[in-house]
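>>> Need coordinates for the following:
(chains A and B)
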Protein chains: 2
Amino acid sequence: MRISELSQRTGVPVPTIKYYLREGLLAPGTATARNQAEYGDEHVQRLRLIRVLLDIGGLSIATVRKVLDAIADERLPLHDLLGVAHHALGPRPVHPENDDDVRAARAEVDEFLAGLGWRVRPDAPARHALADALVALRRVGWRVDARALVPYAEAADRLARCELEGIPADASRADTVRSVVIGTVVYEAVLVALRRLAEEHHSAEKFAPRRPAEDRRPGHQGACG
Amino acid sequence: MRISELSQRTGVPVPTIKYYLREGLLAPGTATARNQAEYGDEHVQRLRLIRVLLDIGGLSIATVRKVLDAIADERLPLHDLLGVAHHALGPRPVHPENDDDVRAARAEVDEFLAGLGWRVRPDAPARHALADALVALRRVGWRVDARALVPYAEAADRLARCELEGIPADASRADTVRSVVIGTVVYEAVLVALRRLAEEHHSAEKFAPRRPAEDRRPGHQGACG
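Below is the predicted model of the structure:
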């Protein structure tokens, strides 16, 4: 297909597609004439993936490139891919390493994760993010330790198991990788949004309770997926 | 205390404190002499709150100001505060409103939340974020509907209930507000980090299973808080 059809099928404007081509996010099409190229279904797929990462993940062009590079690296075992993608997603640690509080919090987080039996890279950026959160809470005077993480770890464990189970075992590497990356980014946005809505709801229930006469529908009790 | 002590107690450098004063994030101290002011405990508290929002929440100075304004507005009922804070936190909707897919997804999300019985503002930005996620998934070819949100809604509901229960009913408005805002921002970072770690773990379990001889410790099964 020509670039105009590629644009039509993905909803991405032609100048934006050209920008992604210049930035190397999208592989060039097959040249068919001077200033004309032919694009295939893989371009459609790739463009949609780029839009998910940019729009829903809120990633920068540079970060999208790193994630796409990890996806493209066929030598990377599937189980390592997420670790690499997470590195690209950030965030960077905010507290300096040479601080005693930070060192102590990192050791606590490592011990906590070891206790869960989770197999995660020793340099996973999320370890540092957790330690940063503990340090931040202590600096505002909250007396928390790693036990405060337990309900979040349980929720995360349950959701991640569901997500990974949903990926067919016989899918191609390319499809699996796409699924994992899209799931990571989009369902993170979903979880953050629903947590905020749930907080707003429970905050209303606590600070402005309804009269008993009002309708209180029970919460959903659906299963995995 | 003088600005140098304020800096020492919070770990925020003096030039940074001066910047926050100029930006209006921090109220001026009481002038004691030309070019000298006295700061109190409320400045320590406020500075720590600002650092949490900037460092862990990753907010911009402008967004921090909006959140602080919501906190300072005594006329704002407590149960409305989170809605206002969430507005400031973003994200903005990414898909244009005049798109049929987006309109349909928004209606689905509204219906889903009504079904849960959650009390959330009709203009809560997280509603749009959810609709954007559904649209994004459909555009990459995933056949999802609002039922895909159920496990996330359940996890969010459980966590938000725990968080709100943890706030003492007899706390002052200022303390309650601080707790709610800090909890929103920091535990969001905690949840995102733990979900990524759990994904890395379950991805390893699925794509590079361990031999049966290897140690498989059970996951934590702790309770709320």
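
>>> Please report the distance of the most centrally placed residue in chain A from chain B.
Per C-alpha atoms, centre = their mean, the C-alpha nearest to the average position across chain A is that of A:Val185, at 3.1 Å. Counting by C-beta to the nearest C-beta, to the nearest Å, the separation of A:Val185 from chain B is 9 Å. C-betas here are computed from N, CA, C, even on glycine.

>>> pLDDT at that residue, what is it?
The score at A:Val185 is 88. That number is its pLDDT.

>>> now the angle from the lengthiest helix in chain A to helix B:173-207?
The longest helix of chain A (DSSP state H) is helix A:173-207. Put simply, helix A:173-207 runs at 160 degrees to helix B:173-207, going by axes from the mean of the first three to the mean of the last three C-alpha atoms, to 10 degrees.

>>> and helix A:173-207, what does it pack onto?
In terms of contact count using 3 or more C-beta pairs under 8 Å, 6 or more residues apart in numbering or on different chains; DSSP states H and E, helix A:173-207 is assigned the packing partners helix A:41-51, helix A:61-72, helix A:78-89, helix A:150-165, helix B:78-89, helix B:125-139, helix B:150-165, helix B:173-207.

>>> Just tell me which of the ones you listed ends up closest to B:Val52.
B:Val52 lies closest to helix B:173-207 among the helices and strands packed on helix A:173-207, at 5.6 Å (C-beta to C-beta).

>>> buried residues in the closest one?
Within helix B:173-207, the residues that count as buried by 16 or more other C-beta atoms under 10 Å in any protein chain shown are B:176-207.

>>> Over to stretch A:117-133?
For stretch A:117-133, by 16+ other C-beta under 10 Å, it's A:118-121, A:124-133.

>>> Also near chain B: which of the residues you listed, exactly?
Restricting these to those within reach of chain B (C-beta under 8 Å from any C-beta of the partner chain) leaves A:Trp118, A:Arg119, A:Val120, A:Arg121, A:Ala124, A:Ala126, A:Arg127, A:Ala129, A:Leu130, A:Asp132, A:Ala133.

>>> Now pLDDT too, for those residues, in JSON lines please.
Below are these laid out as JSON lines (pLDDT from 0 to 100):
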{"residue": "A:Trp118", "pLDDT": "95"}
{"residue": "A:Arg119", "pLDDT": "92"}
{"residue": "A:Val120", "pLDDT": "91"}
{"residue": "A:Arg121", "pLDDT": "88"}
{"residue": "A:Ala124", "pLDDT": "89"}
{"residue": "A:Ala126", "pLDDT": "92"}
{"residue": "A:Arg127", "pLDDT": "93"}
{"residue": "A:Ala129", "pLDDT": "92"}
{"residue": "A:Leu130", "pLDDT": "94"}
{"residue": "A:Asp132", "pLDDT": "91"}
{"residue": "A:Ala133", "pLDDT": "92"}
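
>>> ok so, going back, can you give the distance of the longest helix of chain A from its chain's centre?
Between the centre of helix A:173-207 and the centre of its chain there are 9 Å (C-alpha atoms, centre = their mean, to the nearest Å).

>>> near chain B at all, the helix-or-strand element of chain A with minimal mean pLDDT?
In chain A, the helix or strand scored least confidently by mean pLDDT, DSSP states H and E is helix A:78-89, which has a mean of 76. Yes - residues of helix A:78-89 are located near chain B by C-beta under 8 Å from any C-beta, namely A:Leu78, A:His79, A:Leu81, A:Leu82, A:Gly83, A:His86, A:Leu89.

>>> of those residues, buried ones?
By neighbour count, with 16+ other C-beta under 10 Å, the residues of helix A:78-89 next to chain B hold A:His79, A:Leu81, A:Leu82, A:Gly83, A:His86, A:Leu89 as buried.

>>> Now distance to B:Arg65 too, for those residues, in a markdown table please.
Putting these into a markdown table (distance: C-beta to C-beta, whole Å) gives the following:
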| residue | distance to B:Arg65 |
| --- | --- |
| A:His79 | 43 |
| A:Leu81 | 39 |
| A:Leu82 | 36 |
| A:Gly83 | 37 |
| A:His86 | 31 |
| A:Leu89 | 27 |
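
>>> So which of the residues you listed is the closest to A:Ala62?
Each of those was scored against A:Ala62 by C-beta to C-beta, and A:Leu89 proved nearest at 11.9 Å.

>>> ok so, going back, which one of the buried residues of stretch A:117-133 is nearest to B:Gly141?
A:Ala126 (28.4 Å).

>>> The closest one: what's it in contact with?
By C-beta atoms under 8 Å, 6 or more residues apart in numbering or on different chains, the residues touching A:Ala126 are A:His86, A:Val120, B:Val192, B:Ala193, B:Leu194, B:Arg196, B:Leu197, B:Glu200.

>>> Distance check, it against A:Ile182.
In this view, A:Ala126 and A:Ile182 are 19 Å apart by C-beta to C-beta, to the nearest Å.

>>> can you check A:Arg34 too?
Applying C-beta to C-beta to A:Arg34 and A:Ile182 gives a distance of 36 Å.

>>> Just give me the neighbour total for A:Glu108.
Residues near A:Glu108, counting by other C-beta atoms under 10 Å in any protein chain shown, number 17.

>>> so which strand or helix has it?
For A:Glu108, the element it lies in under DSSP states H and E is helix A:100-116.

>>> by contact count, what packs against that helix?
Packing partners of helix A:100-116 (3+ C-beta pairs under 8 Å, 6+ apart): helix A:125-139, helix A:150-165.

>>> ok now it, how far from the chain's centre?
On C-alpha atoms, centre = their mean, the centre of helix A:100-116 falls 23 Å from that of its chain.

>>> what residues does that helix touch?
Residues from elsewhere that reach helix A:100-116, judged by C-beta under 8 Å, 6+ apart: A:95-97, A:120, A:122, A:127-128, A:130-132, A:134-135, A:138-139, A:145-146, A:149, A:153, A:157, B:197, B:217, B:219-220.

>>> about what we covered before: so for the residue nearest to the residue nearest to the centre of chain A when sequence neighbours are not counted, what pLDDT did the model give?
Computed as C-beta to C-beta, 6 or more residues apart in numbering or on different chains, the closest residue to A:Val185 that is not its neighbour in sequence is A:Gly57, at 3.9 Å. Model confidence at A:Gly57, given as pLDDT, is 81.
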